[in-house]
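In: Provided below are the primary sequence and the corresponding predicted coordinates.
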Amino acid sequence: GAGVSQSPSNKVTEKGKDVELRCDPISGHTALYWYRQSLGQGLEFLIYFQGNSAPDKSGLPSDRFSAERTGGSVSTLTIQRTQQEDSAVYLCASSSGVEAFFGQGTRLTVV
Amino acid sequence: AQSVAQPEDQVNVAEGNPLTVKCTYSVSGNPYLFWYVQYPNRGLQFLLKYITGDNLVKGSYGFEAEFNKSQTSFHLKKPSALVSDSALYFCAVRDGGNFNKFYFGSGTKLNVKP
């Protein structure tokens, strides 16, 4: 595709449920990032994938959060047992070099 | 440690006037610097970057930014603001010697009034 695609664009879930957020990066981009943006706040780093290297998971806030990237392309961010503080916009970005290009984000609301 | 500071939460400017959005950074290696813009309910859109070379870099929509190594700054500028420039602007840095994650500032809301 022309850009980074994220799905769903909006997700409302009940507290305690698991959710999966999907990111389709730009074709050929070897680097993929997940960030979280809470209402009116800046960007919080979550996880970074680069090629076949072990991902940098240093930003994942708890063991309820996990992410995988299959075949060096599509990535899924999974949040288990969601809590209200998980409500945020989850942004995915991909890069083939220096700058990164972002998707439109998934707005997650935990009720 | 890498970090970015955007000292102004909000910048107000009249249409047609020049604008500046400030950014300072801290990075252990060579800084790769970026500006992104975010419109309401949208993702971040890349505006411009500095890697090396000329300290004044030009980007999309008439924006430019000036790299100042001694002041560790990378301020975003535009000679004549438009109402449509009103948005949230983020400065970001990467360590050029250790390609890894981007570090973002907290964002500056730009309001351009007609």
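Out: Alright, I've got the coordinates.
In: use CA for all of it now, contacts and neighbours both
Out: Noted.
In: Once you drop chain neighbours, what's closest to residue 96?
Out: Since no chain was named, I'll use chain A. In space, and not counting its chain neighbours, residue A:96 is closest to residue A:29: 4.4 Å by Cα to Cα, 6 or more residues apart in numbering or on different chains.
In: right idea, wrong chain: chain B
Out: residue B:30 (5.0 Å).
In: ditto for residue A:41
Out: Nearest non-adjacent residue to residue A:41 (Cα to Cα, 6+ apart): residue B:106, at 6.5 Å.
In: Quick check: the gap between the one you found and residue B:37.
Out: For residue B:106, the distance to residue B:37 (Cα to Cα, to the nearest Å) stands at 12 Å.
In: got any residues that touch both of those two?
Out: Shared contacts of residue B:106 and residue B:37 (Cα atoms under 8 Å, 6 or more residues apart in numbering or on different chains): residue B:90.
In: Now look at stretch A:47-60 and say if it contacts chain B.
Out: Yes. Stretch A:47-60 is in contact with chain B by Cα under 8 Å from any Cα of the partner chain, via residue A:48.
In: so what's the residue nearest to the spatial centre of chain A up against?
Out: Closest residue to the average C-alpha location of chain A: residue A:34 at 3.7 Å, with Cα atoms, centre = their mean. Counting by Cα under 8 Å, 6+ apart, residue A:34 makes contact with A:45-48, A:90-93.
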